[in-house]
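Q: Sharing a model prediction with you, sequence too.
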Amino acid sequence: MHTSEHATEFGKSRVRAASPGNTSSAVTRREFLKAAVATGLLAGAAPGWAAESESGMPYRRLGSTGETVSAIGLGGFHIGIPKDEQEGIRIIRSAIDRGITFMDNCWDYHDGNSEVRMGKALQDGYRKKVFLMTKIDGRTKASAARQIEDSLRRLQTDHIDLLQFHEIIRMGDPDRIFAPGGGMEAALEAKKAGKIRYTGFTGHKDPDIHLRMLAVAREHEFRFDAVQMPLNVMDAHFRSFEHKVVPVLVKEKIGVLGMKSMGSGVILQSKTARPIECLHYALNLPTSVVITGIDRMEILDQALEAARTFKLLSQEAVSALLARTAEAAAAGQYEPFKTTTNFDGTAHNPQWLG
């Protein structure tokens with residue numbers, strides 16, 4: 001089931017170039033390049049589309065926000081898994097020291113303990129080094145406002161860089177959030193007060209629900225800054241966010257946040273792709289950041305190695321990987337977040353919605 005002026009320092013000092021990777025099969029390479037250049041995603045890119053940095057971590061533009069973030073993001077759910085809180089703090093700080101600047105979290109992860117743990121880790125000067133994102137479940141103004149305040153307190157910060165509405169997994173969620181007295185009113189008030197800087201949403205169920213959220217936002221003359229979704233070697237074959245949602249976000253210059261590159265390990269059980277291949281595939285899409293779960297130092301090492309060694313994949317390499325995963329992916333067996341309620345925290349805890 002199971003991320004103000006203060007937070008921009010890291011990008012300007014470290015980045016020599018910023019670039020995401022490849023397009024989905026729904027858009028030709030030429031079309032993607034044209035759109036990506038137009039959005040600034042590839043502006044200043046070095047040959048091979050690889051962003052250079054002293055730490056070896058690529059950095060990319062976050063949509064049209066003007067922010068620059070690490071191509072790999074540290075997932076908030078998994079950072080709450082280590083039994084020893086100090087081990088979780090050590091992982092977070094090591095990730096930051098080694099170039100990861102995008103921090104993911106959520107109001108409901110481990111009953112708030114993921115945020116508490118991250119808040120402690122971001123003391124002693126670490127907060128100013130990161131772009132901090134967290135998510136809320138509240139669909140009503142009252143519940144959303146309360147959760148925003150809870151998150152600020154737990155994270156020990158006066159502002160959240162990116163606040164996202166979590167688990168947009170029902171067709172009715174967009175209408176609830178944008179309704180009079182809905183959660184968006186709380187987000188707008190928090191932004192006006194300087195408590196949040198950017199707004200987005202997440203979901204893992206169906207790309208059509210994401211498209212509905214974007215459509216309802218347009219109806220209300222609102223534009224999201226970032227959108228988070230599963231992007232992995234299986235997604236291309238089944239209820240594909242890559243095919244349906246990513247091209248829309250690129251066109252509208254909205255930051256693309258990838259998650260579940262390994263599906264919490266379930267995709268690896270198919271034996272069709274290795275961890276580094278999974279991360280490289282997601283990095284090869286026009287993602288601003290690929291958020292990955294890290295609960296042990298060796299997993300952090302693996303994520304950093306994937307970032308360091310990433311090069312734009314050839315179309316032949318992409319095709320070969322998709323051919324290898326096609327049969328296993330066809331019915332969504334290895335993407336249970338799409339086909340079951342096992343990953344639907346708000347379905348099991350409807351009170352979180354308000």
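A: Noted; the coordinates are in hand.
Q: What's the first helix or strand after the strand or helix carrying residue 87?
A: Element membership for residue 87 (DSSP states H and E) is helix 85-97. Using DSSP H and E, the next helix or strand after helix 85-97 towards the C-terminus is strand 102-103.
Q: what about that following strand, average pLDDT?
A: Computed over strand 102-103, the mean pLDDT rounds to 98.
Q: Show me where the stretch 1-150 of the chain has its strands.
A: With DSSP state E, counting those that start in this stretch as the criterion, the stretch 1-150 of the chain has strands at 59-61, 68-70, 72-74, 102-103, 131-136.
Q: Need the ones you listed in CSV (columns: distance to residue 143).
A: In short, each C-beta sits where N, CA and C put it, glycine included. Shown next, in CSV, are those (distance: least, CB to CB, whole Å):
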stretch, distance to residue 143
strand 59-61, 33
strand 68-70, 28
strand 72-74, 26
strand 102-103, 23
strand 131-136, 8
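Q: Tell me which of these sits nearest to residue 246.
A: strand 59-61 (14.1 Å; CB to CB).
Q: Just list what the closest one packs against, helices and strands only.
A: Packing contacts for strand 59-61, counted by 3 or more CB pairs under 8 Å, 6 or more residues apart in numbering; DSSP states H and E, involve strand 68-70.
Q: what's the average pLDDT for the strand it packs on?
A: In this model, strand 68-70 carries a mean pLDDT of 97.
Q: Give the pairing partners of it; include direction for each.
A: Strand 68-70 pairs in its sheet with strand 59-61 (antiparallel), by DSSP bridges.
Q: quick revisit: which residues touch the helix holding residue 87?
A: 74, 79-82, 103, 117-118, 120-122, 126, 129-130, 294-297, 300 (CB atoms under 8 Å, 6 or more residues apart in numbering).
Q: Could you measure from residue 278 over to residue 238?
A: 16 Å (CB to CB, to the nearest Å).
Q: go on, residue 335?
A: Distance from residue 335 to residue 238, by CB to CB: 6 Å.
Q: hang on, the earlier thing: now the contacts of helix 85-97: which count as buried?
A: Among the contacts of helix 85-97, those buried by neighbour count (16 or more other CB atoms under 10 Å) are 74, 79-82, 103, 117-118, 120-122, 126, 129-130, 294-295, 300.
Q: Please flag which of those sit within helices.
A: Members of the buried ones among the contacts of helix 85-97 lying in helices (criterion: DSSP state H): 117-118, 120-121, 300.
Q: Name the residue in residue 335 and residue 238 with the higher neighbour count.
A: residue 335 (23 against 16; other CB atoms under 10 Å).
Q: Which residue, other than its chain neighbours, is closest to that one?
A: residue 234 (5.2 Å; CB to CB, 6 or more residues apart in numbering).
Q: Neighbours of that neighbour, how many?
A: Neighbour count for residue 234, taken as other CB under 10 Å: 31.
Q: Distance of the residue nearest to residue 276 when sequence neighbours are not counted relative to residue 350?
A: What sits nearest to residue 276 in space, not counting adjacent residues and going by CB to CB, 6+ apart, is residue 306, at 5.0 Å. The gap separating residue 306 from residue 350 is 37 Å, by CB to CB.
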